[in-house]
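Peer 1: Just a sequence and a predicted model for now, questions to come.
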Amino acid sequence: MRKAWVVGGALAAGGTGFVTLLVVGTYMAAGSLASGIGKGAVGLAKGAVPTAYQSIVQEWGNLCPAINPALLAAQLYQESGFNPRAKSPAKALGIAQFIPGTWAAHGVDGDGDGDRDIWDPKDAIPSAASYDCSLAKYVKDAPGDQTKNMLAAYNAGAYAVIKYGGVPPYRETQNYVKTITTLEKSFARPVGRVQPSQQAAGAIYFAQKKLGTPYLWGGNGTADQGGRFDCSGLTLAAYREVGVQLPRVANDQYNAGPHPKRDELLPGDLVFFSDDLTNSRAIRHVGIYVGGGYMIDAPRPGAVIRFDPVDTPDYFGATRVTEDGAKALPSTSPDGNPEGNPERNPEV
């Protein structure tokens, strides 16, 4: 939800011509954009990893050729949502979700303080990287992609990868590998420009039709809610209209694709806001960029869906939504936040 000090009602609800000019003008400039995240050393996208863990992930993500910092970050997000106290029904523990037996064999003293603590990210993150690299060595002779085989071994065991000559035919394992390799693009700092979203114009058109609709915290636009939305409910509905299913909460929506720089924003990009500009898990507001420095958003209780400026002190960053990126995200936040609980830190 947007901070109260953000300029309110900078533009009145309506103004379809305004949106059309912004969209057309910006898309004309988009034709020369290159696709992909580029090549070269892999860095982490701004704020994608909580500050407390960023330097550890960057360092240990370069431990061996089978991993990189963005891949390691995606793996940690998939395992626990960066929650160092996470527990699973299978008794997997901590930020990297080690089971005690595996930890006993592969846990390392990452911070050099004399112990190996499964609950301490300074030990658990290096242990995850070290275990990944060990698994990569175990399956190095298996056919196929080394990194995908390593991830499959993390999920199903090295024996299964060797037995089947690559990623085994287990649905869970295949989904695990696809999810992490897809999310890697969201956690990587783009090198060069990123491909425009094919669904952007449709998402904007949906949001444009909702201009003037009163805000409702937790609103998903259903009939019993009077067609009202909160911020992440609006962005979810806009992209669902064009066949892309986003997660419910704003800080998980941040991981639905690569992250363009501020001067590379295109209409349809999701733009995010936070009181902590170093941690995507603290994001509390999202809107849909329409060009010219403005977005359509559902800002706060008592306001309506409207145009608001993007360039404010709490601007965090942007995401260019992709179908694959959205599909890789959980419908329930991996750190335990239920799908139906919208913005986590509402500002009223």
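Peer 2: That came through fine.

Peer 1: so residue 270 sits right up against residue 318, yeah?
Peer 2: Yes. Using Cβ atoms under 8 Å, residue 270 is in contact with residue 318, at 6.4 Å. (Each C-beta comes from the backbone N, C-alpha and C, glycine too.)

Peer 1: got any residues that touch both of these two?
Peer 2: Contact criterion Cβ atoms under 8 Å, 6 or more residues apart in numbering; residues shared by residue 270 and residue 318: residue 289.

Peer 1: out of the two, which sits in the more crowded spot?
Peer 2: Using other Cβ atoms under 10 Å as the criterion, residue 270 and residue 318 rank with residue 270 on top: 28 against 25.

Peer 1: Let me see the contact set for that one.
Peer 2: Contacts here follow Cβ under 8 Å, 6+ apart; on that basis residue 270 touches 235, 253-254, 256, 286-289, 318-319, 321.

Peer 1: Quick check: closest non-adjacent residue to the residue most central in space within the chain.
Peer 2: When Cα atoms, centre = their mean is applied to the chain, the residue found nearest the centroid is residue 255 (1.2 Å). Nearest residue to residue 255 in three dimensions, chain neighbours excluded: residue 186, at 4.5 Å (Cβ to Cβ, 6 or more residues apart in numbering).

Peer 1: Which other helices and strands does whichever strand or helix holds the one you found contact?
Peer 2: Here residue 186 is covered by helix 171-187, with elements defined by DSSP states H and E. Under the contact definition 3 or more Cβ pairs under 8 Å, 6 or more residues apart in numbering; DSSP states H and E, helix 171-187 sits against helix 69-80, helix 146-156, helix 323-327.

Peer 1: in the chain, which ranges drop under the pLDDT threshold?
Peer 2: Per-residue confidence of the chain (counting by pLDDT under 70) places the weak regions at 1-40, 331-348.

Peer 1: ranges for the strands of it?
Peer 2: Listed in chain order, the strands of the chain (DSSP state E) span 270-273, 285-291, 294-297, 306-309, 315-319.

Peer 1: Kindly reformat those strands as TSV containing distance to residue 67.
Peer 2: Compiled in TSV, these are given as follows (distance: least, Cβ to Cβ, whole Å):
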stretch	distance to residue 67
strand 270-273	27
strand 285-291	30
strand 294-297	36
strand 306-309	40
strand 315-319	23
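
Peer 1: looking at the ones you listed, which is closest to residue 168?
Peer 2: Minimum separation from residue 168 across the strands of the chain (Cβ to Cβ) falls at strand 315-319, 32.2 Å.

Peer 1: export the closest one as CSV, just CAs?
Peer 2: Listed next in CSV are the C-alpha coordinates belonging to strand 315-319 (Å, rounded to 0.1, in the frame of the first residue of the first chain):
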residue,chain,number,x,y,z
TYR,A,315,10.6,3.6,-5.6
PHE,A,316,12.3,0.2,-5.3
GLY,A,317,12.5,-1.1,-8.9
ALA,A,318,10.6,-2.8,-11.7
THR,A,319,9.8,-6.2,-13.2
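
Peer 1: can you list the residues that contact that strand?
Peer 2: Strand 315-319 has contacts (Cβ under 8 Å, 6+ apart) with 45-47, 186, 253-260, 262, 265, 269-274, 277, 280, 283, 289.

Peer 1: what's the angle from it to strand 285-291?
Peer 2: Relative orientation of strand 315-319 and strand 285-291, computed by axes from the mean of the first three to the mean of the last three Cα atoms, to 10 degrees: 70 degrees.

Peer 1: orientation of strand 315-319 relative to helix 171-187 in degrees?
Peer 2: Angular relation of strand 315-319 and helix 171-187 on a 0 to 180 degree scale: 130 degrees, by the same axes, to 10 degrees.

Peer 1: Count the residues that sit near residue 113.
Peer 2: By other Cβ under 10 Å, neighbour count at residue 113 equals 11.

Peer 1: And it, how far from residue 120?
Peer 2: In this structure, residue 113 lies at 9 Å from residue 120, with Cβ to Cβ, to the nearest Å as the measure.

Peer 1: And for residue 307?
Peer 2: Shown here: residue 307 relative to residue 120, a distance of 46 Å by Cβ to Cβ.

Peer 1: What's the ChimeraX line that selects buried ones from the contacts of strand 315-319?
Peer 2: Buried residues within those, as defined by 16 or more other Cβ atoms under 10 Å, are selected in ChimeraX through the command that follows:
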select :45,47,186,253,254,255,256,257,258,259,260,265,269,270,271,272,273,274,277,280,283,289
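
Peer 1: Mark which of the contacts of strand 315-319 are part of helices, please.
Peer 2: Under the assignment DSSP state H, those contribute 186, 253 to helices.

Peer 1: in terms of contact, does residue 234 touch residue 210 like I think?
Peer 2: Yes. At 6.6 Å, residue 234 counts as touching residue 210 under the criterion of Cβ under 8 Å.

Peer 1: Mind listing the shared neighbours of those two?
Peer 2: Counting by Cβ under 8 Å, 6+ apart, the shared contacts of residue 234 and residue 210 are 221, 296, 305.
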